[in-house]
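Trainee: Sequence plus predicted model, see below.
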Amino acid sequence: MNEAHLIETAWKNRELLKDDNIIQIIHNTINRLDKGEIRVAEKNKGEWVVNEWIKKAILLYFIIQETQTIEIGPFEFNDKITLKKDFKAQGVRVVPHAIARYGSYLSQGVVLMPSYINIGAYVGKNTMIDTWATVGSCAQIGDNVHISGGVGIGGVLEPVQASPVIIEDNCFIGSRCIVVEGVKVEKEAVLGANVVLTQSTKIIDVSQKEAKEYKGIIPASSVVIPGTYNKSFPAGNYSVSCALIIGKRKQSTDKKTTLNQALREYDLSI
């Protein structure tokens, strides 16, 4: 039986978690996840596909792991999962007090300012995770992405069929943005500060004469800012938060543009 089939078998029959061979298989799976040899989600023929068996392996790993005291210098933690190590060998810059849990993957050239990366997350080459940003479990972050200060990228383990948050290559995510519930931000998109994206958030393209609405996805190269729309409630009409696509990233704009440069092209500054 292959690795995925054994994980699926153990998922259905938890008695197998007492079997040393199954325990070793689970450990091997998390180790491969930590090294970037496998991913929770990956592109297949242009479409993102969730590898549910890997999410199941992570959940089983939590079950078989025992809580232990972890001491790092003067700091003490009490957890089931250790932290990543050997950052220099991986070509990753980690600033105190950045934390990346074992089972997450950081590609070469990644920079972690004081931030948090959870198990199952994948962070692509030369990506910056800025101060107090969090990358949740299983989130997939592409190459050359800038995750600005205080950004919250949501995590997802259950239900196992649920897609994680996906931020594709060359995106810029502005300060204090929140992207959760499996929302996908396609390549080269720019999110202005404080944009909140959930599966129920209205995403409205207002760049043309007629508005076009999306949910759960930001199209490639979109420039997005926070907005509101009017909604009727029993108590009256109120403004409800949404996200506004105000245009496309210009070809003349460098892929590593700052947020202000991208917004300045649309006479906006936030």
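Mentor: Sure, I can see it.

Trainee: Show me the strands in the stretch 151-270 of the chain, by range?
Mentor: Taking DSSP state E, counting those that start in this stretch as the test, the strands found in the stretch 151-270 of the chain are 152-153, 166-167, 172-173, 178-179, 184-185, 190-191, 196-197, 203-205, 212-214, 217-218, 222-233, 236-248.

Trainee: what would those look like in TSV with mean pLDDT?
Mentor: Listed next are the strands of the stretch 151-270 of the chain as TSV, based on pLDDT from 0 to 100:
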stretch	mean pLDDT
strand 152-153	98
strand 166-167	98
strand 172-173	96
strand 178-179	98
strand 184-185	98
strand 190-191	95
strand 196-197	98
strand 203-205	98
strand 212-214	97
strand 217-218	98
strand 222-233	96
strand 236-248	96
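
Trainee: Mean neighbour count and distance to residue 39 for those strands - can I get that in TSV?
Mentor: Where you see a C-beta, it was placed from the backbone N, CA and C, and this is true even at glycine. As requested, those are exported to TSV (neighbours: other CB atoms under 10 Å; distance: least, CB to CB, whole Å):
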stretch	mean neighbour count	distance to residue 39
strand 152-153	24	16
strand 166-167	26	11
strand 172-173	29	20
strand 178-179	24	18
strand 184-185	24	15
strand 190-191	29	23
strand 196-197	22	22
strand 203-205	20	26
strand 212-214	13	25
strand 217-218	22	20
strand 222-233	16	25
strand 236-248	16	27
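
Trainee: Figure out which of these is closest to residue 140.
Mentor: strand 166-167 (4.7 Å; CB to CB).

Trainee: Give me the contact list for that closest one.
Mentor: Here strand 166-167 makes contact (CB atoms under 8 Å, 6 or more residues apart in numbering) with 41, 48, 139-142, 145, 147, 153, 173, 179, 182-185.

Trainee: Let me know the closest of these to residue 56.
Mentor: Nearest to residue 56 out of those is residue 41 (CB to CB; 13.8 Å).

Trainee: ok, that closest one touching residue 47?
Mentor: No - judged on CB atoms under 8 Å, residue 41 makes no contact with residue 47 at a distance of 10.4 Å.

Trainee: Compare these two (neighbour count), which wins?
Mentor: Comparing residue 41 with residue 47 by other CB atoms under 10 Å, the one with more neighbours is residue 41, at 23 against 7.

Trainee: Adding distance to residue 17, write the strands of the stretch 151-270 of the chain out as CSV.
Mentor: Output for those, formatted as CSV (distance: least, CB to CB, whole Å):
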stretch, distance to residue 17
strand 152-153, 30
strand 166-167, 30
strand 172-173, 38
strand 178-179, 34
strand 184-185, 33
strand 190-191, 41
strand 196-197, 37
strand 203-205, 42
strand 212-214, 42
strand 217-218, 37
strand 222-233, 44
strand 236-248, 43
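
Trainee: To residue 119, which of these lies closest?
Mentor: The closest of those to residue 119 is strand 152-153. By CB to CB, the value is 13.8 Å.

Trainee: Tell me the strands beside the closest one, with direction?
Mentor: As defined by DSSP bridges, the strand partners of strand 152-153 come to strand 134-135 (parallel), strand 178-179 (parallel).

Trainee: Output these in TSV, with distance to residue 12 appended to each entry.
Mentor: Compiled in TSV, the strands paired with strand 152-153 are given as follows (distance: least, CB to CB, whole Å):
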stretch	distance to residue 12
strand 134-135	30
strand 178-179	33
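
Trainee: Out of these, which gets nearest to residue 4?
Mentor: strand 134-135 (24.8 Å).
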